[in-house]
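below are the sequence and a predicted model; questions follow.
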Amino acid sequence: MLDFVGLFLLISGFVVGLGSVTVIDIHGFLGRKSSYWTEATTRTHKVTKPLIWAGTFLAVIGGILFFRNEPFSGVPMYLALIAIVLLLNGLFLSFRVSPYLLQKEKEGRASELLPESWQRKIIVGLILSDLGWWGSIAIVVWYLVKK
């Protein structure tokens with residue numbers, strides 16, 4: 001039963017987290033050159049940010065439960081390392097980028113394109129998110145298929 005709950009939480013975390021990452025990444029990509037999408041990204045991230053965190057925690061808890069009987073090497077270790085990278089990246093995006101976007105919105109400048117320096121930082125964060133989430137799913141699928 002614990003395997004079922006763990007795998008269910010793990011997959012649920014992927015659905016919620018990666019779904020939200022995909023939405024905000026598309027907004028962010030469109031917002032690089034468009035004031036409309038820049039403002040839409042600022043508004044959308046207020047919804048996606050907590051969903052990404054919820055997905056992350058569901059996936060981590062699910063992974064701990066599902067892989068509880070496995071040695072901490074191979075797949076569980078790779079997933080843990082990816083989770084650490086995603087957590088650190090999420091902290092940067094939540095506590096550096098998000099306050100910056102919210103401050104611009106408060107000042108009535110939400111539709112202004114972001115400076116190139118911020119765009120570079122954000123794109124690195126988005127790439128890390130995408131690679132981490134998709135890589136984790138690929139690792140779990142590989143694990144399940146080979147089992």
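Thanks, I have it. Residues are numbered from 1 along each chain as shown.

contacts, neighbours, all on C-alpha from now
Fine.

ok now the helix or strand harbouring residue 131, how far from the chain's centre?
Per DSSP states H and E, residue 131 falls inside helix 116-146. Relative to the centre of its chain, helix 116-146 is centred 8 Å away, using Cα atoms, centre = their mean, to the nearest Å.

helices and strands around it, which ones?
helix 2-31, helix 75-92 (3 or more Cα pairs under 8 Å, 6 or more residues apart in numbering; DSSP states H and E).

and the residue nearest to residue 134 when sequence neighbours are not counted, what does it touch?
Leaving aside its sequence neighbours, residue 134 sits nearest to residue 18 (Cα to Cα, 6 or more residues apart in numbering; 7.8 Å). With contact set as Cα atoms under 8 Å, 6 or more residues apart in numbering, residue 18 has these partners: 52, 55, 130, 133, 134.

and for the fourth one, nearest residue in space, chain neighbours not counted?
Ranked by Cα to Cα, 6+ apart and with sequence neighbours excluded, the top spatial neighbour of residue 133 is residue 18, at 6.1 Å.

ok, that neighbour to residue 55 distance?
If you measure residue 18 against residue 55 using Cα to Cα, to the nearest Å, the figure is 8 Å.

and for residue 120?
Taking Cα to Cα, one finds residue 120 at 25 Å from residue 55.

more neighbours: which of these two?
residue 55 (25 against 12; other Cα atoms under 10 Å).

that one touches residue 21, doesn't it?
No - the criterion here is Cα atoms under 8 Å, and residue 55 misses it with residue 21 at 9.8 Å.

which SS state does residue 70 fall under?
Of the three states, residue 70 takes coil under DSSP: H, G, I helix; E, B strand; the rest coil.

what residues sit buried inside stretch 22-38?
By 16 or more other Cα atoms under 10 Å, the buried positions in stretch 22-38 come out as 22, 24-25, 27-32, 34-35, 37-38.

would JSON lines of these with distance to residue 7 be doable?
Formatted as JSON lines, the buried residues of stretch 22-38 follow (distance: Cα to Cα, whole Å):
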{"residue": "22", "distance to residue 7": "22"}
{"residue": "24", "distance to residue 7": "26"}
{"residue": "25", "distance to residue 7": "26"}
{"residue": "27", "distance to residue 7": "30"}
{"residue": "28", "distance to residue 7": "31"}
{"residue": "29", "distance to residue 7": "32"}
{"residue": "30", "distance to residue 7": "34"}
{"residue": "31", "distance to residue 7": "35"}
{"residue": "32", "distance to residue 7": "37"}
{"residue": "34", "distance to residue 7": "40"}
{"residue": "35", "distance to residue 7": "41"}
{"residue": "37", "distance to residue 7": "36"}
{"residue": "38", "distance to residue 7": "36"}
